[in-house]
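**Q** With the sequence up front, the predicted model follows.
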Amino acid sequence: MDESNTFHLVNSVGEYRREGRDEFAAGIKFAMESLGANVIEPGFVLSFEGLPFTSFMEARAVIETCRAHARGDTDDALALRNLLDPPNPRLGRVTGEVFRDAEGIGIKFTFGSSGNLDTTWRPVS
Amino acid sequence: MDQERREEQLIIGLIYECRDRLASNDSWVREFGGGMKYVLDVLDATEIEPGFKVSIERGPFGGEFAVMRQLIRSCRQEASFDTREGNALKRVIDGAHTGYVFSDAQGPGIEFRRSDTSSSNFTIWRPTPKSEAAS
């Protein structure tokens, strides 16, 4: 799927919401999610709410950084690795959502189907 | 089911769902359907062959893109015939036109629209029935 189209559509959701066309934006979001167009890497989903992104490449770079951190042998790396590949089956599947807010870019991990357990990872500056 | 087939089924499902919402009496639901259509249009998800699109508003379109592709091939084959009708159809296909594949009470067809004029300027092509083609 063409990245520029996908990026444009992700941004469109925010633009139409700002225009007050919430239902139209919801339709875009629904179709994109159905097509998996907002999945930038397996398990990592672009956040519609945390826009804007400069590019998909930036989001991917953040994910790569996150994975690199998880490879180390420190307590932090072990914790991060547990998030990426949870050894505890009770936690279920972990999904990552790339977002950006006032503090910068980050990844929000959500556990299981209920989504009520989540944690946020940000690149170490 | 292979990946291509799964993607086709996904698109077909979205087209049907989009069309249902666009036909709703509820303006909010129609607005939601408009958002879905916007995505399908931007991603060219309804384009099944270069220049040929299935119509979201019309239908059903046979349920399978494969059926529609066969229809387009028939159209192209007919256009290659050295007949008056074939040459006319060839000019339509080769021109700056977009083909919308649809199905109505009379059966499947392709609606050609000129991209540089108003939507009222269009030509309909329907496959020649086999019984007529044989006679």
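**A** Nice, thanks for sending it over.
**Q** roughly how far apart are the closest residue to chain B within chain A and residue A:75?
**A** Nearest residue of chain A to chain B: residue A:27, at 2.3 Å (C-beta to the nearest C-beta). All C-beta atoms are positioned from the backbone trio N, CA, C, and that covers glycine. From residue A:27 across to residue A:75, the span is 45 Å (C-beta to C-beta, to the nearest Å).
**Q** Give me the mean pLDDT for the host helix or strand of residue A:98.
**A** Applying DSSP states H and E as the criterion places residue A:98 in strand A:94-101. Averaging pLDDT along strand A:94-101 yields 81.
**Q** ok, the residue of chain A closest to chain B - how many residues close by?
**A** A count of nearby residues for residue A:27, using other C-beta atoms under 10 Å in any protein chain shown, gives 27.
**Q** Contacts only, for the closest residue to it other than its chain neighbours.
**A** The shortest distance from residue A:27 to any non-neighbouring residue, by C-beta to C-beta, 6 or more residues apart in numbering or on different chains, is to residue B:35 (2.3 Å). Residue B:35 makes contact with A:16, A:23-31, according to C-beta atoms under 8 Å, 6 or more residues apart in numbering or on different chains.
**Q** Would you mind naming the helix or strand containing residue B:35?
**A** Using DSSP H and E, residue B:35 sits in helix B:27-42.
**Q** wait, does the longest helix along chain B contact chain A?
**A** Looking across chain B with DSSP state H, the single longest helix is helix B:3-22. Yes. Using C-beta under 8 Å from any C-beta of the partner chain, we find that helix B:3-22 touches chain A at B:10-11, B:13-14, B:18, B:21.
**Q** Which member of these is positioned nearest chain A?
**A** Taking C-beta to the nearest C-beta as the measure, chain A lies nearest residue B:14 of the residues of helix B:3-22 next to chain A, at 5.8 Å.
**Q** Tell me which residue lies nearest the centroid of chain B.
**A** The centroid of chain B falls nearest to residue B:101 when counting by C-alpha atoms, centre = their mean (1.8 Å).
**Q** in the sheet, who's paired with that residue?
**A** residue B:54, residue B:110 (DSSP bridges).
**Q** Wait, it touches residue B:73, no?
**A** No. The criterion here is C-beta atoms under 8 Å, and residue B:101 misses it with residue B:73 at 11.7 Å.
**Q** re earlier: any buried residues in the longest helix of chain B, and which?
**A** Neighbour-count burial for helix B:3-22 flags B:8, B:11-12, B:14-15, B:17-19, B:21-22 (criterion: 16 or more other C-beta atoms under 10 Å in any protein chain shown).
**Q** Under the pLDDT cut-off, which ranges of chain A? List them.
**A** For chain A, the stretches flagged by pLDDT under 70 are A:1, A:50-54, A:85-94, A:112-118, A:125.
**Q** those strands in it, which residues are they?
**A** With DSSP state E, the ranges of strands along chain A come out as A:39-41, A:44-46, A:94-101, A:104-111, A:117-121.
**Q** As JSON lines, these with mean neighbour count would be great.
**A** As requested, the strands of chain A are exported to JSON lines (neighbours: other C-beta atoms under 10 Å in any protein chain shown):
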{"stretch": "strand A:39-41", "mean neighbour count": "18"}
{"stretch": "strand A:44-46", "mean neighbour count": "20"}
{"stretch": "strand A:94-101", "mean neighbour count": "19"}
{"stretch": "strand A:104-111", "mean neighbour count": "18"}
{"stretch": "strand A:117-121", "mean neighbour count": "14"}
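**Q** No more questions from me, cheers.
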